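Undergrad: My questions concern the predicted model and sequence given below.
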Amino acid sequence: MWRLARCASSNLSRSLRRSFIYTAAIPGPCIVHKRGTDILHDPWFNKDTGFPLTERDRLGLRGLLPPRVISFEQQYDRFMESYRSLEKNTQGQPHGSVSLAKWRILNRLHDRNETLYYRVLIDNIKDFAPIIYTPTVGLVCQNYSGLFRRPRGMYFSARDKGEMMSMIYNWPAQQVDMIVLTDGSRILGLGDLGVQGIGIPIGKLDIYVAAAGINPQRILPVMLDVGTNNQKLLEDPLYLGLRQPRLEGEEYLSIVDEFMEAVHTRWPKAIVQFEDFQMKWAFETLQRYRKRFCMFNDDIQGTAGVALAGLLGTVRAQGQPLSDFVNQKIVVVGAGSAGLGVLNMAIEALSRMSGNNEMAVKNKCYLLDKDGLITKERKNIDPAAAPFAKDLKDVEGLREGASPIEVVKKLKPHVLLGLSGVGGIFNEEVLKAMRESDSTKPAIFSMSNPTMNAECTAADAFKYAGPNIVFGSGSPFEDVDLGNGKVGHVNQANNMYLFPGFVIGLGTLLSGAHIITDGMLQAAAECLASYMTDEEIQKGILYPSIDSIRHITAEVGAAVLRAAIEEDLAEGHGDVGPRELKHMSKPETVAYVSRNMWFPVYSPLVHEK
Ligand SMILES: NC(=O)C1=CN([C@@H]2O[C@H](COP(=O)(O)OP(=O)(O)OC[C@H]3O[C@@H](n4cnc5c(N)ncnc54)[C@H](O)[C@@H]3O)[C@@H](O)[C@H]2O)C=CC1
Ligand SMILES: CC(=O)C(=O)O
Ligand SMILES: [Mg+2]
C-alpha cells in the first residue's frame with residue numbers, strides 16, 4: 001500500500017525540534033592564513049569587536065579595534081535593535097523601499113561578518129526569508145546594478161571562453177560543496193534579468209546555510225553571463241553584464257559545458273543546482289548533465305517535490321485516504337519548467353498508486369499555457385508539453401486553447417495550481433468558479449513568484465473561492481482572518497522546503513553519490529508530505545512553519561540518504577562508510593544529518609602561514 005512513512009520523528013514537539021537542532025556539532029579551531037586588517041576585512045573570519053584579547057595578540061589585531069570586547073550575544077542584540085528601529089522608523093513608507101532598506105542592512109552585515117549574519121538569519125528565518133529570498137530578492141535583482149557595492153560569488157561570461165578552467169582556481173576556498181548557478185534568463189516570474197540574476201543564487205545559498213547547515217565557506221553562487229535579451233538592461237548605462245544578445249544553440253551550450261567541466265575538475269564532488277534557466281535550457285541542461293555530474297534543476301525537480309507534498313497533503317486535508325489521489329482532477333496553469341516538472345512527478349506518483357496505469361491518471365491532469373488549454377490540436381506544440389496534450393474527445397465541451405475560466409467551470413477541478421508567472425490570472429471569476437469544485441475542500445496553489453506575480457493573493461482566494469479551500473503560495477502571505485475566530489491558513493508552497501534537505505543528504509553526508517535520481521526526489525517529497533500531523537492537516541496546514549526548517553531539512557535529508565542507500569548509491573562520507581549508514585535506524589540517520597549541520601559560533605582562529 002502507498003503510505004507516507006519516511007519521516008523519522010514527525011511528532012516530535014516543536015520545542016524539542018529546536019533544541020535538537022541546536023545541539024549540532026560546534027566547530028573546532030579554524031585555521032586562518034591571514035593577519036591584521038586582512039582578517040577584519042574578511043567576512044568569513046571577522047568577529048568585529050568580538051575578538052578576545054588573546055586572539056587579538058595572536059593575529060596582530062591589537063590596536064586595530066576599540067579596546068572593549070563585545071560578546072557575540074551583545075553583537076547579536078545590537079544588530080537586532082538596529083533592525084527593529086529601521087522597521088519602526090520606516091513605518092508607512094512604500095513597501096518596496098522598506099524591503100530594500102531591510103535587505104541593505106542585512107547585506108552589509110553579510111559583507112562584514114558572516115557568522116553573525118547567519119546566526120541572525122537562522123534565529124529569525126521567518127522574518128528574514130522574505131528579505132533575502134522571495135519576494136524581496138526579486139526587487140534586488142531588478143535593481144542589482146544600482147545596488148551593487150561588493151561582488152559575491154563568481155561571474156563567468158561568454159568572453160571567458162577558453163579561460164574557465166583557470167578562472168575557477170581564483171575562488172579562494174579550497175573546498176566547495178554546493179554551487180547554485182543561473183544564467184539569469186528567467187528570474188522568478190520577472191523574466192530575463194541578465195547578470196542581475198546573481199541575487200537568486202546568493203539568496204538560495206543563504207537558505208542552504210540557514211536551513212541545511214551547509215558551511216558558508218563551502219558554497220559558491222555563480223552567474224553565467226551569456227548576454228541578455230532584455231532591451232531595457234542593454235540600454236542601461238549602469239548595467240553590469242555583457243551588453244549583447246544572449247548566445248543561442250551550440251555557442252550557448254559550449255559555455256555551460258566549459259563551466260561544468262571546470263567545476264568538476266576542481267571540485268569533483270560539488271553539487272550544482274541549476275536555477276532560473278529559461279525552459280528550453282532548463283530541460284536541455286538537465287538531460288545533458290544529470291548522468292555525468294551531481295546536479296539537479298531546482299525549478300523542475302525541487303518545485304515538483306514540494307508541489308507533490310502539497311497535493312498529497314490536500315488529499316489528507318479532504319479526509320480521504322492517500323489512494324484517493326488518483327481521483328483528483330488537477331489543472332496546472334503554466335506549462336514551463338516548473339509546471340511540467342510538477343505534472344511529471346505527480347503523474348509518476350499517481351501511476352504507481354494506480355498500478356502503473358499512466359494513461360488513466362494522465363486523463364485527470366490538464367495543462368494550460370499562455371495560449372490556454374493544451375490539446376492535440378495545438379500547432380507547434382512544445383515537445384515537453386506534448387505528452388500532456390488532451391484529446392479533444394476526452395474534454396467534451398472544451399476547445400483547444402480554452403481559458404482558465406472555461407476549464408475551471410467545465411471540469412470543476414479538485415486542484416488548481418498556478419506556475420505561470422502571471423500575477424492575478426486566478427481572478428475573481430476563476431476563484432468563484434472553484435466554489436463549484438467536485439471537492440468539498442478544493443486546493444488553490446498560487447505558486448508563482450515574487451508576490452506580484454502570484455496567480456492570486458491569499459485574501460482573494462479565501463474571499464472568492466470560500467473558506468473551505470486549502471491554499472498555498474510561492475511567496476509568503478499573511479494568514480487570512482475568516483471571522484468568527486477562524487483562520488484561512490497560508491502555506492508557503494516553495495521549493496525552499498525541499499532543496500536544502502535534498503542536498504544535505506546527498507552532498508554533505510554521502511558525498512559519494514555521483515548522481516541524483518528520481519527515487520531520491522520522491523523520497524524527499526514523501527517525507528515532506530508526511531511531516532504534518534493529521535490535526536495540522538485538517539486545519540489546512542500542509543507544510544511546517546519555516547521556523548522549524550532545520551528540523552524539516554534534517555528529516556528530508558535523512559529520507560534522501562536512505563533512498564540513496566536503497567539505490568546502492570551511498571558511498572559514505574568521511575569516516576562513516578556505506579555499511580554504517582545502512583545500519584543506522586531512521587532516528588539515527590536524522591541525528592546524523594543534524595550533527596553534520598554547520599552552526600554559526602565564533603571558532604577560535606589559529607594563524608598558519
Ligand atoms: N513556488 C515555487 O517553489 C516555484 C515557483 N516558480 C514560479 O513559477 C513561475 C514559472 O516558472 P517557470 O515554469 O520556470 O517559467 P517558464 O517561463 O518556463 O514557464 C511559464 C509558463 O507559463 C505560461 N504562461 C504565460 N502566460 C500565461 C497565461 N497568461 N496563462 C497561462 N499560462 C501562461 C507560459 O506559456 C509557460 O508555459 C515563475 O513565476 C516562478 O517564480 C518556479 C519554480 C518554483
Ligand atoms: C522559488 C523558485 O525557485 C522560483 O520562483 O523560481
Ligand atoms: Mg527558481
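TA: Right, received. Where do you want to start? A quick note: this is a predicted structure, and the numbers were derived from the prediction, not measured. Ligands and ions are numbered 1, 2, ... in the order given.
Undergrad: Just the pLDDT for whichever residue of the stretch 501-609 of the chain sits closest to ligand 3.
TA: Across the stretch 501-609 of the chain, the shortest distance to ligand 3 (CB to the ion) belongs to F502, at 13.8 Å. In short, each C-beta sits where N, CA and C put it, glycine included. Confidence at F502, expressed as pLDDT, is 80.
Undergrad: So it is in contact with T303, correct?
TA: No: in this structure F502 lies outside contact range of T303 using CB atoms under 8 Å: 11.6 Å.
Undergrad: in what helix or strand does A346 lie?
TA: helix 337-353 (DSSP states H and E).
Undergrad: and that helix with ligand 1, contact?
TA: Yes: part of helix 337-353 sits near ligand 1 under the criterion CB under 6 Å from any ligand atom, namely S337, A338, G339.
Undergrad: Now V342. Nearest residue, chain neighbours left out?
TA: Closest residue in space to V342, ignoring its immediate chain neighbours: A307 at 4.3 Å, by CB to CB, 6 or more residues apart in numbering.
Undergrad: Run a quick neighbour tally on the one you found.
TA: 30 (other CB atoms under 10 Å).
Undergrad: quick one: it is in a helix?
TA: Yes: the assignment for A307 is a helix, going by DSSP: H, G, I helix; E, B strand; the rest coil.
Undergrad: unless I'm mixing things up, it is touching A493, no?
TA: Yes: when contacts are counted by CB under 8 Å, A307 is listed as touching A493 (6.5 Å).
Undergrad: what residues are shared contacts of the two?
TA: F445, M447 (CB atoms under 8 Å, 6 or more residues apart in numbering).
Undergrad: residues touching the closest residue to R152 other than its chain neighbours, list them.
TA: Excluding its sequence neighbours, the residue lying closest to R152 (CB to CB, 6+ apart) is I202, at 5.6 Å. The neighbourhood of I202, defined by CB under 8 Å, 6+ apart, consists of V137, R152, G153, P221.
Undergrad: quick one, what contacts the residue nearest to the first one when sequence neighbours are not counted?
TA: Right, the one you point to is V137. Counting by CB to CB, 6+ apart, V137 lies nearest to G203, which is 4.2 Å off, once chain neighbours are set aside. Contacts of G203 were listed using CB under 8 Å, 6+ apart, and they are I132, Y133, T134, V137, V140.
Undergrad: Which residues does stretch 340-360 contact?
TA: Outside stretch 340-360, the residues that reach it (CB under 8 Å, 6+ apart) are 2, 279, 283, 297, 299-301, 303-305, 307-308, 311-312, 322-323, 325-326, 330, 332, 361-362, 364-365, 367, 384-385, 388, 417, 419, 518, 521-522, 525.
Undergrad: just these that are near ligand 2?
TA: D299.
Undergrad: Make a PyMOL selection of the buried ones in the contacts of stretch 340-360.
TA: With 16 or more other CB atoms under 10 Å as the criterion, this PyMOL line picks the buried residues out of the contacts of stretch 340-360:
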select buried, resi 279+283+297+299+300+301+303+304+305+307+308+311+312+322+325+326+330+332+361+362+364+365+367+384+385+388+417+419+521+522+525
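Undergrad: Restricted to strands, list the contacts of stretch 340-360.
TA: N297, I330, V332, C365, L367, L417 (DSSP state E).
Undergrad: Reformat those as CSV; add distance to ligand 1 and pLDDT.
TA: Putting those into CSV (distance: CB to the nearest ligand atom, whole Å; pLDDT from 0 to 100) gives the following:
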residue, distance to ligand 1, pLDDT
N297, 9, 96
I330, 15, 96
V332, 9, 98
C365, 15, 94
L367, 9, 98
L417, 10, 98
